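S.K.: Got a sequence here, can you build the structure:
(4 chains, ligands or ions: 4)
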Amino acid sequence: MTAILRSYALRLLPQLIALAAILLMVSFVFPGFFRLEIQNGRLYGSLIDIFNRGAPVVLLAIGMTVVIATKGIDLSVGAVMAICGAVAASSITSGHSLAMTLLITLGTGILCGLWNGFLVAVLDIQPIIATLVLMVAGRGIAQLVTEGAILTFNDPGLIFLGSGSFAWLPLPVLIWLAFGILVALIVRKTALGMLIEAIGVNRQASTLSGVLTPVLLIAAYMLSGLCAAIAGIIAAADIKGADANNAGLWLELDAILAVVIGGTSLLGGRFSIAASVLGAIIIQSINTGILLSGFPPEFNLIIKAAIIVFILVLQSPPARNALTFVALLRASRKPTERQAR
Amino acid sequence: MKPKYLPLTATIVIFVLSYALCVAQYPNILSTRVIGNLLTDNAFLGIAAVGMTFVILSGGIDLSIGSVIAFTGVFLAVVLENAAIHPLVAFAVALLIATLFGAVMGAIIHYLEMPAFIVTLAGMFLARGMAFVLSIDSIAIKHPFYGTLKGLYYKLPGGGRITLIGGLMLLVFGIGILIAHRTRFGTDVYALGGGTATAKLMGVPVGRTTIMIYALSGLLAGLSGIVFSLYTSAGYSLAAVGVELDAITAVVIGGTLLTGGSGFVAGTFIGILIQGLIQTYITFDGSLSSWWTKILIGLLLFAFILMQKGIVYVSRSERRHA
Amino acid sequence: TFGSASAADLVVGFSQIGSESGWRAAETTLTKQQAEERGIDLKFADAQQKQENQIKALRSFIAQGVNAILLAPVVATGWDEVLQEAKDAEIPVILLDRTVDASDDLYMTAVTSDLVHEGSVAGKWLADTVAGKPCNVVELQGTTGSSPAIDRKKGFEQALSGHDNLKIVRSQTGDFTRTKGKEVMESFLKAEDGGKNICALYAHNDDMAVGAIQAIKEAGLKPGSDILVVSIDAVPDIFEAMAAGEANATVELTPNMAGPAFDALAAFQKDGTKPPKWIQTESKLYTQADDPKKVYEAKKGLGY
Amino acid sequence: MQTVGDNLLSATRIDKVFPGAKALDKVDFHLRRGEVHALLGENGAGKSTLVKCLTGAYRRDGGMILLDGVEVDPRDTFNAQKLGIGTVYQEVNLLPNLTVAENLFLGRQPRRFGFVDVRAMNHQARALLENYELDLDVTRALDSYSVAIHQVVAIARAVDLSGKVLILDEPTASLDAHEVEMLFRIVRRLKARGLGIVFITHFLEQVYEISDRITVLRNGQLVGTRDTATLERRDLISMMIGRELAAEIHSARKEPDVTGPVRYRFKDYGRKGHISPFDLDVRAGEVVGIAGLLGSGRTETAEILFGAHRADSGTAELGGKAVQLSSPRRAIVHRFGFCPEDRKTAGIVGDLSVRENIVLALQARRGWTRPISRTEQNRLADHYIRALDIRTVDREKPIRLLSGGNQQKAILARWLATEPEFLILDEPTRGIDVGAHAEIVRLIEGLREKGMSLMVISSEIEELVAYSTRIVVLRDRQHVASLEGERITADQIIEAIASANERGAA
Ligand SMILES: Nc1ncnc2c1ncn2[C@@H]1O[C@H](COP(=O)(O)OP(=O)(O)OP(=O)(O)O)[C@@H](O)[C@H]1O
Ligand SMILES: Nc1ncnc2c1ncn2[C@@H]1O[C@H](COP(=O)(O)OP(=O)(O)OP(=O)(O)O)[C@@H](O)[C@H]1O
Ligand SMILES: [Mg+2]
Ligand SMILES: [Mg+2]
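M.R.: Ligands and ions are numbered 1, 2, ... in the order given. Next up is the predicted model:
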């Protein structure tokens, strides 16, 4: 047990260090950063903001991790977010109950994933292009639903999902925490994780070993669609309206970035949901940090790029090898539990 | 026919067919004016897509080109506004910067063993960020030399024009085809796409080639930026957002595999024309709402990929039966 | 009323920037409505935020030989060449809602508001309202580099100059969206002592203001009284907020740019009357005193 | 003792450390001018690693390399090629997406006016391949040709590149006797020209046929270098495995009892463009050997039976009932197993651990909802690591880091773990060392005795004779002969292939 925990800690160490460094940096430019207080029955402070604002990217990153593990990529998640937000808003304003609305919306997201999965697994179209189709068309579909306007709603239940709180925590945070843990458990406590990794590393060999590659591929994209649907609901609930034009715009890139910062290879194979979640939180910390810093917005992109490059360089194989080499020297002959990848 | 030419042929067949369909509906599309526009309007995209083709052939990807185009444009505008140098000198400097930028990304990709997707994504943020820092305003370029360059065109019968930039794109495609198929560097690019580890064992100088590929992509993105600044006579930091996706799409529609190692520069040209045709068709139609435009672009993209798959599939199985 | 015979045969191309906001969707809707009322055959092209697509659209309008072109330019620069082509083809071009940097004989007229003026109307309202009391202002900018963001910032700052009691303490981009408006406002509130240091918010558009209002409420403050809210565009949702006392003022940018444009076009077609080079639309200031409920009802159906 | 002077290539005290394993430990290796030097050792002994260190594919951690008495330090293979060292690495390293000609001349294409002269290149490529009696369309992509042809092309390329030294790491693994002979002719010619040739193989006959001296490695250490002429085969084997080998496979055929009922019956089974329709019955406790020349359709037969390619004609019966074998998954449900010949692309899942590779097929069959517990996985993995003697530091090592032969064993373990009833093995002993080879042959016999049905494809006729109860001979994608009982001898098989040949030619 301790060995497993240790291997987890080892796996997440680079991400944790990066996160700590960024938080520290932010607290230099903004001293009140770590302050937390309870207001209106919920925790209030910049740290909470990071977790709360990070919700969409975290959720997208969870699905994206699994898709990337299969050696795929899903560019459509931003557009699917927009579609699902629009569907949720129009369903609730047309008088459906909250439960029904959620059902329809999540179903829509899964359907979008099914479409992507079908293109990738059955028609054998390259993932970037397959999902590009929905990325382009999806936003149009979302706008079709809202007719280009921001579709506002007043259903307290739906709004609660975006800006409510429970046990002092904003609901989005609870949702992604619960969902992340659920997915991680499903993936790791069943054989799903290993089979997905096998497909990502060598699809042909996996198929020949009897793995149901098409089904698992489709399932991965469906999960990604589901994640995008939840993210879409949260994003819409947060502003009490579905903004088909802007919801999730360019968020797919952030999600992919989060997965990569989390150390999952874009070439498929080994993945870690926890690490991707950390990656997403790192990205959100950078964003929030930039906002708190008070620099003029012209510098936003440069700062973001610089920090990301720095993190990635630290995580690059040569840099890591240098680090593990030092660690190995110290551990001398003791056989290592698990090869650091 | 050799199987490797199949996707290319499929693309050409599809393009010709769809062009014929469009003409049947809107005869005006056959005019030299539309054909000239197709070249001029897509010149910057085409030039950048040539670079992208090399990158994708090598198994990589370059997300930074749109930002580099914007940066180049802003750089030219700022320099020409504030310094009394000839645009040609500014062009040279801009190309140098863009090439270096690409080379550095290539070096990071190779030496730090990082995925191209992420390195160039950071490059995309950085280049756009630098453009913002140079100027957030859109700056008009009023140098008379620009006017001279824009006055250079070959008039086709029927009112169409082959402009300087349209011609430049054709030239770049020609050179690109030559480099891809008639130089050792070109074969090395394909070799990298076949597998870096193997290429390395076969003695391909992987590091040098990688750096050169991204430098070439940077150079062409820079050239594309110059063309874009000629096209609009301005530099603007928000210009060319998402051009990388258009370029990737053109490359893939052109029959190049994103996994690398297989495809043609010439295919990319057809890919560009197909995209241009979709756009032209949509404006000629002119009845679509904003959202239906997006949906239709997506669907047409899908249809093209599907047709290509279909043609390749059918002719493969026919060959086997023969 | 305007169904004259000559207008009925008109084919007009309309190159729209895209559909990035509710306001723009409303502009598109209204343009189509206006065209329909006048029996004009409108060719609509959405440029997806890209200037190159707009140029392509213009060229293909020219190739199709339309009678006139409406252009809502995404950016001010870079139009000389294609406008010259239109001129050579004797197709009049009317600019909508933004002007361009080209010589004014290249287009027939421009129907726009004055973006700088909008900013200064908002600034002036704020200066008048606080009336000399010290006031820290936070600013939500539009998309970095876009002309409304640049000009509305400029106009606002112009109006504030000379009022030393008003100080812009923080200014960040909210990308013209609700989500970002809310997120950025949250960080403003944290950074300025829970919002206690902020006396007013200026947002470059209403959507960001609506997002920011939610953030202010969630921070336990009262938008509209603890923090004054002034923004631009006058979309329906901001009137709802004003009716609830959560927003204070907005500057109208009318989405009906096409109406005056078509009128000018019709006059020109009829007897060659040249319209003035600039038809400025009104930048009307609405406050809570202007019966926001009623304005909301009036604007609701316009496709915002 | 030799002096450095007559050595062409001298490597002294070469070290190479991988995380968790010392692959080479102060290894000396001397190659003379004009000799064929066999480099031998068990799977995982460090042969390939040594070759890679010599050619700059790996950075060595210590030691010195002299070429022609001058110290050299090849930084990469490009560098090594420039120094006149041509190499065929173990996993055939060619680029399937390039044409045959481009593969042959990559990096040194003939040029005119600075541009590659494609016509000259194709011409030279054809000329080069003529030496190997290969008449290919050199402008086609390499991946339209079989593994064997890849290997010949790789050899042709390396030979052409080698000015001084030629290194061949298991070049004969997928070649048949005829092609091996051809290769040896070329090697002898190069030898006469004064080249030094390093030859790695697990076929001892070939070692004795071609080599002048032998160097043996074991566990990354040098055991010794001997003259081939004076080294007894027994002694060589004990040098390699560190003990006496109980019995090598010799055609000590027991007459097996295969009168059991027919378990699998394939009628008119085939697929257009892949394999002509054939009839095949397989009984319980039977080993069907498949013999044929390269490209005769052996692999295709296996793939179609396993459902990797869907049959488009004929029927399959299992115990009298018709079954659909439309996908590997379906076949596995009917307890088929299939060890593919191309282990790199179709066998190993490189980044996953040895453990995961071993349990993969079993887990796939159970479905994702019923995971095999970690303890059970460990037990299975450990069991097969021991049973098949897979050399790995631990079961968590990514399989791609194992030596070629050990990867092959792990794939075998994957299928044994599913306890199949019909196991199809495509070249199961390729790249496997003598000791393990004997193990696998014993294993096949053991499985058969337990009542499993097997189909084994092998290019080694001796081996087929040793364990097959029936041999099907293929030619030109057709099943042309079936040998049973008494008729299973090497001569008969060769004759069947040959006569089929004549028939085909007629
Ligand atoms: N990149 C690597 N990382 C870690 N260990 C490695 C690596 N490459 C090889 N090894 C280990 O080094 C040892 C020697 O491997 P090598 O490939 O040289 O064996 P070999 O003698 O060629 O065996 P075979 O006959 O099976 O090809 C093996 O134990 C292998 O697991
Ligand atoms: N449709 C095809 N088009 C082109 N090449 C093909 C086709 N089908 C098979 N081949 C090639 O022909 C080869 C011969 O088939 P197969 O592999 O079944 O022969 P084999 O007897 O097993 O030979 P080997 O010893 O090389 O495995 C295949 O390996 C494959 O590379
Ligand atoms: Mg080896
Ligand atoms: Mg075979």
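S.K.: Point out where chain D drops to low pLDDT.
M.R.: D:1-5, D:92, D:244-259, D:500-506 (pLDDT under 70).
S.K.: Point out the residues in it that sit beside ligand 1.
M.R.: Counting by Cβ under 6 Å from any ligand atom, the residues of chain D lying close to ligand 1 are D:18, D:21, D:23, D:41, D:43-49, D:90, D:391, D:401-406, D:431, D:433. For every residue, glycine as well, the C-beta is placed using N, CA and C.
S.K.: list the contacts for D:T215?
M.R.: Neighbour list for D:T215: D:F29, D:H37, D:A38, D:L39, D:L40, D:L222, D:G224, D:T225 [criterion: Cβ atoms under 8 Å, 6 or more residues apart in numbering or on different chains].
S.K.: Just confirm the first one is within a strand.
M.R.: Yes. With DSSP: H, G, I helix; E, B strand; the rest coil as the criterion, D:F29 is located in a strand.
S.K.: what residue ranges in the chain are flagged as low confidence?
M.R.: By default, I'm working from chain A. Along chain A, the model assigns pLDDT under 70 to residues A:1, A:324-341.
S.K.: You answered for a different chain; I wanted chain C.
M.R.: Residues of chain C meeting the criterion pLDDT under 70: C:1-8.
S.K.: and residue 270, which of the three is it?
M.R.: Picking chain A for this. Three-state call for A:R270 (three-state DSSP): coil.
S.K.: my bad, chain D
M.R.: D:G270 carries the three-state label strand when classified by three-state DSSP.
S.K.: which one is D:I440 nearest to, not counting chain neighbours?
M.R.: Leaving aside its sequence neighbours, D:I440 sits nearest to D:T429 (Cβ to Cβ, 6 or more residues apart in numbering or on different chains; 5.6 Å).
S.K.: same question, B:P87
M.R.: B:F145 (4.7 Å).
S.K.: and the helix or strand encompassing that neighbour, what does it pack onto?
M.R.: If you go by DSSP states H and E, B:F145 is part of helix B:144-150. Judged by 3 or more Cβ pairs under 8 Å, 6 or more residues apart in numbering or on different chains; DSSP states H and E, the packing partners of helix B:144-150 are helix B:87-111, helix B:206-232.
S.K.: Most tightly packed of those helices?
M.R.: Highest mean neighbour count among the helices and strands packed on helix B:144-150 (mean count of other Cβ atoms under 10 Å in any protein chain shown): helix B:206-232, with a mean of 27.
S.K.: quick one: that one to chain centroid distance?
M.R.: Computed by Cα atoms, centre = their mean, to the nearest Å, the chain-centroid distance of helix B:206-232 equals 10 Å.
S.K.: Ok, stretch A:92-104 next?
M.R.: 25 Å.
S.K.: hang on, the earlier thing: export the helices and strands packed on helix B:144-150 to JSON lines and tack on mean pLDDT and distance to ligand 2?
M.R.: Shown next, in JSON lines, are those (pLDDT from 0 to 100; distance: least, Cβ to the nearest ligand atom, whole Å):
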{"stretch": "helix B:87-111", "mean pLDDT": "97", "distance to ligand 2": "33"}
{"stretch": "helix B:206-232", "mean pLDDT": "96", "distance to ligand 2": "27"}
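S.K.: before we move on, back to that, where's the residue nearest to B:P87 relative to B:L230, distance?
M.R.: Relative to B:L230, B:F145 is positioned 10 Å away (Cβ to Cβ, to the nearest Å).
S.K.: Centroid-nearest residue for the chain?
M.R.: Because you didn't say which chain, this covers chain A. Chain A has A:A61 as the residue nearest its centroid, 1.8 Å off, counting by Cα atoms, centre = their mean.
S.K.: wait, chain D
M.R.: Centroid-nearest residue in chain D, with Cα atoms, centre = their mean: D:R430, separated by 3.3 Å.
S.K.: Need the three-state assignment for the nearest residue to it once chain neighbours are set aside.
M.R.: In this structure, D:R430 finds its nearest non-sequential neighbour in D:A173, 4.8 Å apart by Cβ to Cβ, 6+ apart. Recorded secondary structure, D:A173: coil (three-state DSSP).
S.K.: Next one: D:A173 relative to ligand 2, how far apart?
M.R.: To ligand 2, D:A173 is 10 Å away according to Cβ to the nearest ligand atom, to the nearest Å.
S.K.: which residues sit in contact with that residue?
M.R.: D:Q151, D:T201, D:R430, D:G431.
S.K.: got a list of what the first one touches?
M.R.: It refers to D:Q151. Each residue near D:Q151 by Cβ under 8 Å, 6+ apart is listed here: D:V88, D:V92, D:P171, D:A173, D:S174, D:L175.
S.K.: In the stretch 101-250 of chain D, which residue sits nearest chain A?
M.R.: In the stretch 101-250 of chain D, the residue that lies nearest chain A is D:D143 (13.2 Å; Cβ to the nearest Cβ).
S.K.: which residues in chain C form strands?
M.R.: Using DSSP state E, the strands of chain C run over C:11-16, C:41-46, C:68-71, C:93-96, C:109-112, C:135-141, C:166-173, C:200-203, C:228-233, C:249-252, C:278-280, C:285-287.
S.K.: Tell me which of these sits nearest to D:A311.
M.R.: strand C:41-46 (51.5 Å; Cβ to Cβ).
S.K.: How far away from the center of its chain is the closest one?
M.R.: That offset, for strand C:41-46, works out to 20 Å (Cα atoms, centre = their mean).
S.K.: before we move on, what about stretch B:66-83?
M.R.: For stretch B:66-83, the distance to the chain centre is 19 Å (Cα atoms, centre = their mean).
S.K.: Show me which parts of it are buried, residue by residue.
M.R.: Across stretch B:66-83, burial judged by 16 or more other Cβ atoms under 10 Å in any protein chain shown covers B:66-80.
S.K.: Of those, which belong to helices?
M.R.: Applying DSSP state H to the buried residues of stretch B:66-83, the entries found in helices are B:66-80.
S.K.: now the helices and strands packed on helix B:144-150 as CSV including distance to ligand 3?
M.R.: Shown next, in CSV, are the helices and strands packed on helix B:144-150 (distance: least, Cβ to the ion, whole Å):
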stretch, distance to ligand 3
helix B:87-111, 27
helix B:206-232, 23
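S.K.: In a markdown table: the ones you listed, plus distance to D:R60.
M.R.: Supplementary listing: the helices and strands packed on helix B:144-150 in a markdown table, determined by distance: least, Cβ to Cβ, whole Å:
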| stretch | distance to D:R60 |
| --- | --- |
| helix B:87-111 | 21 |
| helix B:206-232 | 20 |
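S.K.: For C:S161, which of these is the nearest?
M.R.: Nearest to C:S161, of all the helices and strands packed on helix B:144-150, is helix B:206-232, at 33.1 Å by Cβ to Cβ.
S.K.: name the helices or strands packed onto the helix or strand following that closest one?
M.R.: Helices and strands here follow DSSP H and E; after helix B:206-232, the next one along the chain is strand B:234-235. Counting contacts by 3+ Cβ pairs under 8 Å, 6+ apart, strand B:234-235 packs against helix B:65-82, strand B:139-140.
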